[in-house]
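Asks: Fold the following.
(chains A and B)
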Protein chains: 2
Amino acid sequence: MKVFIVHAHPEPASLNGALTEIAVSTLTEAGHEVRVSDLYAMNWKAAVDADDFGSAATHPLSVAANSGSAFTAGTLAPEIVAEQDRLRWADVVILQFPLWWYSMPAILKGWVERVLTFGFGYGVGEHNELKYGERYGEGTLAGKRALLSVTVGGKELHYTDRGINGPIDDLLFPIQHGILFYPGMTVLPPHVLYATNRLSSEDFSVAAKSWQRRLLTLADTEPVPYRRQNGGDYELPSLVLRDGLEAEGDKGFGLHVATARS
Amino acid sequence: MKVFIVHAHPEPASLNGALTEIAVSTLTEAGHEVRVSDLYAMNWKAAVDADDFGSAATHPLSVAANSGSAFTAGTLAPEIVAEQDRLRWADVVILQFPLWWYSMPAILKGWVERVLTFGFGYGVGEHNELKYGERYGEGTLAGKRALLSVTVGGKELHYTDRGINGPIDDLLFPIQHGILFYPGMTVLPPHVLYATNRLSSEDFSVAAKSWQRRLLTLADTEPVPYRRQNGGDYELPSLVLRDGLEAEGDKGFGLHVATARS
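Replies: Numbering: from 1, shown residues only, chains lettered A, B, ... in the order given. Have a look, this model is predicted:
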């Protein structure tokens, strides 16, 4: 397999650095091809702006429209094109990052905003009265698998339903559903390492082994069964979930994951 | 009142630009003091790195620890100190931004990461066996009100419980609860403007009026009743919500908002 790791941490000698190193060595030794975009090392510009679009930038600037024109005309900044090429190349995409303020680091959010342009990450497929494009399970990145590898300072108990921060699956939903599933990727359950603020070297050995197991089972891990936009679960054109598909008690984000019943 | 607006859009002649202009003029005319941090105009650096901490940066870098040392020693980058001063000055903080990939723009996330340092935004108060610091309703920014003003390209129906993107309150929970309530602010219900992709000039007039109404009622708008960490709803030291406080059917993020019953 071809595995593309997007790495977002400023310090190579960090836990995140170690996890990416483990991923590269484990996957390479298992015969896979690996490429890494180390965003801090690349000095990745986080803020989308007119410079991204070359001659397709208009006055006033329109981020969505200009990114689509630049994508079509081939005037996107070269570093954006390179990342899009890596995404096209990959069978599996791994985002490696620390959970900062309950989301991904700004530098990685800026990678999402700049690389997933109109025509590539969104605005794909026919949009008409009956169809709202190809997204949520369809799109440019369909067929690829995606995995979040996240380090979390706090305790796992704090990230449960009744834990003070709220459940990790819901905190990650805007990323897993809204960024990975949206352009078509098949999303695997996240790999989350908790309590990293007080990780002993013994804890690290255990964590490293569990990470290696995840890496060596990427091809056959059961994905999160998010509902496909155009798969029949949503009414068209309203894009509202049909009645009766949910399990009892489902609410909010949970409604958008297919359950045994549906 | 003193109102601090953090504005995150690259184009002044945009809807977001117009909403911030309306906020400045409406609030100023009503006798309030207003300051704006226009992050794109300031060329705000989004990525937290060693340069933020001056002589407090260590090798290897530790973002949390170094930000705390730099805060205490007064070696934080001047633009970070200036933003902290504006937060201290403010009675009300407004974040104005477009919803990009179901969250705030990278440049604003980078403002959060760099300005809310250890000792200022987190790591505040005593941490011991019985107390997990002052956060979620307590902390440096306690007593201030916070409001998100968000523009959304898609339709409101798509951002409901059964709508394909999931409910807006849950999508914004990591920001409202995890970034605003966490350092102590009182969070008002968000002001969300939908379907901005096809906003007519008539729609804009309606939207402008509704925005002005929100701005002129900032002082007495009923806040979102997020549960306080140290207010009795959570068991200590586990920080797990006590049994029996929730309304029937509450789940996930909804559990962390006090209901009529509790």
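Asks: if you look at stretch A:142-153, does any of it touch chain B?
Replies: Yes. Using Cβ under 8 Å from any Cβ of the partner chain, stretch A:142-153 comes into contact with chain B via residue A:153. (Each C-beta comes from the backbone N, C-alpha and C, glycine too.)
Asks: chain center to that stretch: distance?
Replies: Taking Cα atoms, centre = their mean, to the nearest Å, one finds stretch A:142-153 lying 6 Å from the centre of the chain it belongs to.
Asks: I'd like the mean pLDDT over it, please.
Replies: The pLDDT scores in stretch A:142-153 average 98.
Asks: Let's see the distance spanning that stretch from one end to the other.
Replies: 33 Å (Cα to Cα, to the nearest Å).
Asks: what comes up buried for that stretch?
Replies: A:144-153 (16 or more other Cβ atoms under 10 Å in any protein chain shown).
Asks: got these as CSV, with distance to residue A:130 and secondary structure columns?
Replies: Formatted as CSV, the buried residues of stretch A:142-153 follow (distance: Cβ to Cβ, whole Å; DSSP: H, G, I helix; E, B strand; the rest coil):
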residue, distance to residue A:130, secondary structure
A:144, 27, coil
A:145, 30, strand
A:146, 28, strand
A:147, 34, strand
A:148, 33, strand
A:149, 39, strand
A:150, 38, strand
A:151, 44, strand
A:152, 42, coil
A:153, 47, coil
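Asks: Could you work out the most separated pair of these?
Replies: Within the buried residues of stretch A:142-153, A:144 and A:153 form the most distant pair, 29.8 Å apart (Cβ to Cβ).
Asks: Spit out the contact partners of the nearest residue to residue A:168 once chain neighbours are set aside.
Replies: In this structure, residue A:168 finds its nearest non-sequential neighbour in residue A:159, 4.2 Å apart by Cβ to Cβ, 6 or more residues apart in numbering or on different chains. Listed by Cβ atoms under 8 Å, 6 or more residues apart in numbering or on different chains, the contact partners of residue A:159 are A:152, A:165-168, A:171, A:192, A:194.
Asks: Over to residue A:153?
Replies: Counting by Cβ under 8 Å, 6+ apart, residue A:153 has contacts A:98-99, A:195-197, B:64.
Asks: Kindly provide the distance from residue A:102 to residue B:235.
Replies: 21 Å (Cβ to Cβ, to the nearest Å).
Asks: that older thread, out of the buried residues of stretch A:142-153, who's nearest chain B?
Replies: Relative to chain B, the closest of these is residue A:153; by Cβ to the nearest Cβ it sits at 7.5 Å.
Asks: coming back round to it: mind picking the lowest-pLDDT entry from the contacts of residue A:153?
Replies: Lowest pLDDT among these: residue A:197, 88.
Asks: quick one on the thing from earlier: if you rank the contacts of residue A:159 by neighbours, which is first?
Replies: The most crowded member of the contacts of residue A:159 is residue A:171, carrying 27 neighbours; neighbours defined as other Cβ atoms under 10 Å in any protein chain shown.
Asks: Can you give me every residue that contacts residue A:10?
Replies: Neighbours of residue A:10 in contact, by Cβ under 8 Å, 6+ apart: A:40, B:47-50, B:61, B:63.
Asks: redo that, cut-off 10 Å
Replies: Counting by Cβ atoms under 10 Å, 6 or more residues apart in numbering or on different chains, residue A:10 touches A:16-17, A:39-41, A:98, A:105, A:107, B:47-50, B:52, B:60-61, B:63.
Asks: Give me the neighbour count for residue A:238.
Replies: Around residue A:238 there are 14 residues (other Cβ under 10 Å).
Asks: I'd say it and residue B:163 touch.
Replies: Yes. Counting by Cβ atoms under 10 Å, residue B:163 is a contact partner of residue A:238 at 8.3 Å.
Asks: Mind listing the shared neighbours of the two?
Replies: Common neighbours of residue A:238 and residue B:163 (Cβ under 10 Å, 6+ apart) are B:155, B:157.
Asks: now residue A:10, what's its secondary structure?
Replies: coil (DSSP: H, G, I helix; E, B strand; the rest coil).
Asks: so how far is residue B:49 from it?
Replies: 5 Å.
Asks: So for those two, which residues contact both of them?
Replies: Common neighbours of residue A:10 and residue B:49 (Cβ under 10 Å, 6+ apart) are A:40, A:107, B:61, B:63.
Asks: and the two most separated of those residues?
Replies: A:107 and B:61 (14.0 Å).
Asks: Those two - which one has more neighbours?
Replies: residue A:107 (27 against 20).
Asks: Figure out the helix or strand that the more buried one lives in.
Replies: Using DSSP states H and E, residue A:107 maps to helix A:106-115.
Asks: Show me the strands in the stretch 151-262 of chain A, by range?
Replies: In chain order, the stretch 151-262 of chain A shows strands spanning A:186-187, A:191-193, A:234-235, A:240-241, with DSSP state E, counting those that start in this stretch as the criterion.
Asks: Which strands or helices does the last one pack on?
Replies: Same thing as strand A:240-241. For strand A:240-241, the packing partners by 3 or more Cβ pairs under 10 Å, 6 or more residues apart in numbering or on different chains; DSSP states H and E come out as strand A:234-235.
Asks: So for residue A:136, what's the nearest residue that isn't a sequence neighbour?
Replies: Nearest non-adjacent residue to residue A:136 (Cβ to Cβ, 6+ apart): residue A:229, at 3.8 Å.
Asks: Hmm, residue A:134 and that neighbour touching each other?
Replies: Yes. When contacts are counted by Cβ under 10 Å, residue A:229 is listed as touching residue A:134 (8.1 Å).
Asks: Among these two, which residue is more densely surrounded?
Replies: residue A:229 (23 against 20).
Asks: any idea how far residue A:124 is from the more buried one?
Replies: 12 Å.
Asks: try residue A:16
Replies: 31 Å.
Asks: All the strands of the stretch 1-150 of chain A, in order from the start?
Replies: Using DSSP E, counting those that start in this stretch, strands in the stretch 1-150 of chain A cover A:2-7, A:33-38, A:92-98, A:145-151.
Asks: all helices of the stretch 51-200 of chain A, in order?
Replies: Here the stretch 51-200 of chain A has its helices, by DSSP state H, counting those that start in this stretch, at A:63-73, A:78-89, A:106-115, A:168-175.
Asks: Contacts for the second one next, please.
Replies: What it means is helix A:78-89. Outside helix A:78-89, the residues touching it (Cβ under 10 Å, 6+ apart) are A:2-6, A:33, A:35-37, A:39, A:42-45, A:48, A:52-54, A:67, A:70-71, A:74-77, A:93, A:111, A:114-117, A:120-121, A:140-141, A:144, A:183, A:185.
Asks: Do I have it right that residue A:210 meets residue A:191?
Replies: Yes. Assessed by Cβ under 10 Å, residue A:210 is found in contact with residue A:191 at 7.9 Å.
Asks: ok, those two, which is more surrounded?
Replies: Remark: of residue A:210 and residue A:191, residue A:191 carries more neighbours, 20 against 12, as counted by other Cβ under 10 Å.
Asks: Between residue A:229 and residue A:124, which contacts overlap?
Replies: With Cβ under 10 Å, 6+ apart, residue A:229 and residue A:124 have common neighbours A:133-135, A:138-139, A:182.
Asks: What about chain B: which of the residues you listed touch it?
Replies: By Cβ under 10 Å from any Cβ of the partner chain, the members of these lying near chain B are A:135, A:182.
Asks: So which of the shared contacts of residue A:229 and residue A:124 is the closest to residue A:254?
Replies: residue A:182 (18.0 Å).
Asks: The closest residue to the closest one other than its chain neighbours - how many residues pack around it?
Replies: Spatial nearest neighbour of residue A:182, chain neighbours left out: residue A:135 (5.3 Å); criterion: Cβ to Cβ, 6+ apart. A count of nearby residues for residue A:135, using other Cβ under 10 Å, gives 22.
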